[in-house]
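Asker: Sequence unavailable; structure follows:
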């Protein structure tokens, strides 16, 4: 699939003078839109922190800690020449697979799942990092096959790359993240100009395989969550409970919302208001306008991600931007959709808004690498 060759032309971009020039085309808009979403996420952490948000260990103070780490990750990734990542991408891919195997071997989770690896006081959710590392590997493969991008072999090879991390995540089990990996694959292929005919054929094959996944892979509770959105009232105290409470919280917010820390429905009755169903708290406390603002900021962020890809002269950058756009768009649509009751409940986080360090840091890494691409291959922001 590729070789680990050091190419002098790539490494030349690491000189101090080149790095200094690169910062002049830093995409400010990308950073601004992401920062605005992070601020809203911190507001939700604040309102979900109870009577003393500033207490050590509260959601808000932990959110500030994760934000500080995410800023460092973003800055380092932006300063880092992304061409190094492309050079060593297959080694990175093997490390990614190794972390996911380790998660299955020694990981812990709720209800018998294996999603987090605990090392001392820290917990790592490597499936979140797998999103970015898999996107990098797909981008390297598509760049390598650029002259044959329309061929079936190119699409099949990309699918083969995604299959191991997707399968390892699916058996944790983590259906939501495995679906995100599929969205990353589709976004990278679509942006790279892969044949729409073969992409359509691939989607049909995935749909045809779904009955096998349903009967052989998914747990009973996952099946219940997936179908509960069709008629949540049928099991109002069970699988449909969260969705009913979520819809009640959103509808109670009205146009302007109840105001920060004044949420009643979500605070009292919604179990996962800071994670999977955080958007319901946004709707209740910030109202329709607050929810609309979140959607507009995501639309602007996606526009900047795609703009970086379109301006990039390197097919690797275009494919990676497509993968990141697929990742963000899919998570946005599914998370907001499940809160509103129009999408199945899959446990997919809302980037920047959902409380959790792994999601924020992996997103910061992805955006930092995009900045690195923009700074070395793009044009001035505008």
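Answerer: That came through, no problem. Fair warning: this is a prediction, and the values are worked out from it, not measured in the lab.
Asker: Quick check: residue 329 touching residue 187?
Answerer: Yes - using C-beta atoms under 8 Å, residue 329 is in contact with residue 187, at 7.4 Å. Any C-beta I mention is one placed from the backbone N, CA and C, and that applies to glycine too.
Asker: Those two: which is more packed in?
Answerer: For residue 329 versus residue 187, neighbours defined as other C-beta atoms under 10 Å are more numerous around residue 187 (27 against 18).
Asker: is it fair to say the more buried one lies in a strand?
Answerer: No - if the criterion is DSSP: H, G, I helix; E, B strand; the rest coil, then residue 187 is helix and not within a strand.
Asker: Quick check: the residue nearest to it when sequence neighbours are not counted vs residue 138, distance?
Answerer: Distance criterion C-beta to C-beta, 6 or more residues apart in numbering; nearest residue to residue 187, sequence neighbours excluded, is residue 326 at 2.2 Å. Going from residue 326 to residue 138 by C-beta to C-beta, to the nearest Å gives 10 Å.
Asker: what's the first-to-last distance across stretch 185-200?
Answerer: Taking C-alpha to C-alpha, to the nearest Å, the first and last residues of stretch 185-200 lie 13 Å apart.
Asker: Which positions within that stretch qualify as buried?
Answerer: Residues of stretch 185-200 classed as buried: 185, 186, 187, 188, 189, 190, 191, 192, 194, 195, 198 (neighbour count, 16 or more other C-beta atoms under 10 Å).
Asker: where exactly do the helices run in the stretch 101-250 of the chain?
Answerer: 126-144, 152-170, 175-192, 196-216, 220-228, 241-252 (DSSP state H, counting those that start in this stretch).
Asker: Quick check: buried residues in the last one?
Answerer: Translated: helix 241-252. 241, 242, 243, 244, 245, 246, 247, 248, 249, 250, 252.
Asker: Check for me that residue 262 belongs to a helix.
Answerer: No - using three-state DSSP, the assignment for residue 262 is coil, not a helix.
Asker: close enough to count as contact, residue 73 and residue 367?
Answerer: No - Residue 73 is not in contact with residue 367 according to C-beta under 8 Å; the separation is 9.5 Å.
Asker: between the two, which one's more packed in?
Answerer: For residue 73 versus residue 367, neighbours defined as other C-beta under 10 Å are more numerous around residue 367 (28 against 19).
Asker: separation between residue 113 and residue 175?
Answerer: 11 Å.
Asker: who's more crowded, those two?
Answerer: Taking neighbours as other C-beta under 10 Å, residue 113 and residue 175 compare with residue 175 leading, 21 against 15.
Asker: The more buried one contacts residue 221, doesn't it?
Answerer: No - contact criterion C-beta under 8 Å: residue 175 and residue 221 do not qualify, at 10.6 Å.
Asker: measure residue 338 to residue 277 for me?
Answerer: 8 Å.
Asker: Please identify which of these two sits among more neighbours.
Answerer: residue 338 (28 against 25).
Asker: Could I get the pLDDT score of that one?
Answerer: pLDDT for residue 338: 87.
Asker: Where does pLDDT dip in the stretch 201-350 of the chain?
Answerer: In the predicted model of the stretch 201-350 of the chain, residues 230-231, 233-239, 264-275 satisfy pLDDT under 70.
Asker: switch to 90 and redo it
Answerer: Residues of the stretch 201-350 of the chain meeting the criterion pLDDT under 90: 201-278, 280-281, 312-314, 338-349.
Asker: which residue ranges form the strands in it?
Answerer: Ranges of strands in the stretch 201-350 of the chain, per DSSP state E, counting those that start in this stretch: none exist.
Asker: Residue 326 and residue 138: who's more crowded?
Answerer: residue 138 (29 against 26).
Asker: any idea how far residue 364 is from the more buried one?
Answerer: Applying C-beta to C-beta to residue 138 and residue 364 gives a distance of 20 Å.
Asker: Next: residue 344.
Answerer: Here the distance between residue 344 and residue 364 works out to 28 Å (C-beta to C-beta).
Asker: out of these two, which sits in the busier spot?
Answerer: Neighbour count, other C-beta under 10 Å: between residue 344 and residue 364, residue 364 has more, with 27 against 19.
Asker: Mind pulling up the pLDDT for the more buried one?
Answerer: As predicted, residue 364 sits at a pLDDT of 96.
Asker: My read is that it contacts residue 66, right?
Answerer: No - contact between residue 364 and residue 66 fails when scored by C-beta under 8 Å: they sit 9.4 Å apart.
Asker: For residue 214, which non-adjacent residue is closest in space?
Answerer: Residue 214 sits nearest to residue 223 (C-beta to C-beta, 6+ apart), 6.9 Å away.
Asker: and the longest helix for the protein?
Answerer: Counting residues, the longest helix found in the chain (DSSP state H) is helix 278-311.
Asker: Buried ones in that helix, by neighbour count?
Answerer: For helix 278-311, the neighbour count (16+ other C-beta under 10 Å) marks 278-287, 290-291, 293-294, 297-298, 300-302, 304-309, 311 as buried.
Asker: do stretch 84-100 as well
Answerer: 85, 86, 87, 89, 90, 92, 93, 96, 97, 99, 100.
Asker: ok, now stretch 100-117?
Answerer: Buried residues in stretch 100-117, defined by neighbour count with 16+ other C-beta under 10 Å: 100, 103, 107, 114, 115, 116, 117.
Asker: Show me how far it is from its chain's centre.
Answerer: 19 Å (C-alpha atoms, centre = their mean, to the nearest Å).
Asker: Just the terminal-to-terminal distance for it.
Answerer: Per C-alpha to C-alpha, the first residue of stretch 100-117 is 10 Å away from its last.
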